[in-house]
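1. Sequence below, structure please.
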Amino acid sequence: SDRGLCGAFSSNIIKAATRYIREENINETISLTLVGRKGADWFRHRPWPVRHEYVNIMSRVDLKYAQEISRSIIDYYLAGELDAIYLVYNEF
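-> This is a model prediction of the structure:
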């Protein structure tokens, strides 16, 4: 999320992503694409490289943002810059 007014929404997804990275031992090979200011702020101070940050887009959910984000990730994958894509998300 971009704001802190949603209870544990952001902190739970950040914890889940961090736990997955550590448990799967992908610390040294991972790069992140982050959606939302809260996650971007937190992961910016961690050892994993951030490939892209998409912040302040949640005020207006729009298909063009989803297309932009997914196209960027797919292009990296098709170019051979990524071996796998892991998606961590909350379901409301």
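
2. G80 versus the residue nearest the centre of the chain, what's the distance?
-> Per C-alpha atoms, centre = their mean, the C-alpha nearest to the average position across the chain is that of L34, at 3.0 Å. Using C-beta to C-beta, to the nearest Å, L34 is found at 22 Å from G80. For every residue, glycine as well, the C-beta is placed using N, CA and C.

3. what's the closest non-adjacent residue to K38?
-> Sequence neighbours aside, S10 is the residue nearest to K38 in space, at 3.8 Å (criterion: C-beta to C-beta, 6 or more residues apart in numbering).

4. Where does that neighbour sit: helix, strand or coil?
-> Here S10 is helix, with the state taken from DSSP: H, G, I helix; E, B strand; the rest coil.

5. T33 should be in a strand, yeah?
-> Yes: counting by three-state DSSP, T33 is located in a strand.

6. okay but it is in contact with W48, surely?
-> No: using C-beta atoms under 8 Å, T33 makes no contact with W48, being 11.3 Å away.

7. since we're on I57, how many residues are nearby?
-> Neighbour count of I57, defined by other C-beta atoms under 10 Å: 17.

8. who touches it in this structure?
-> Contacts for I57 were tallied using C-beta atoms under 8 Å, 6 or more residues apart in numbering; they are 2, 35, 65.
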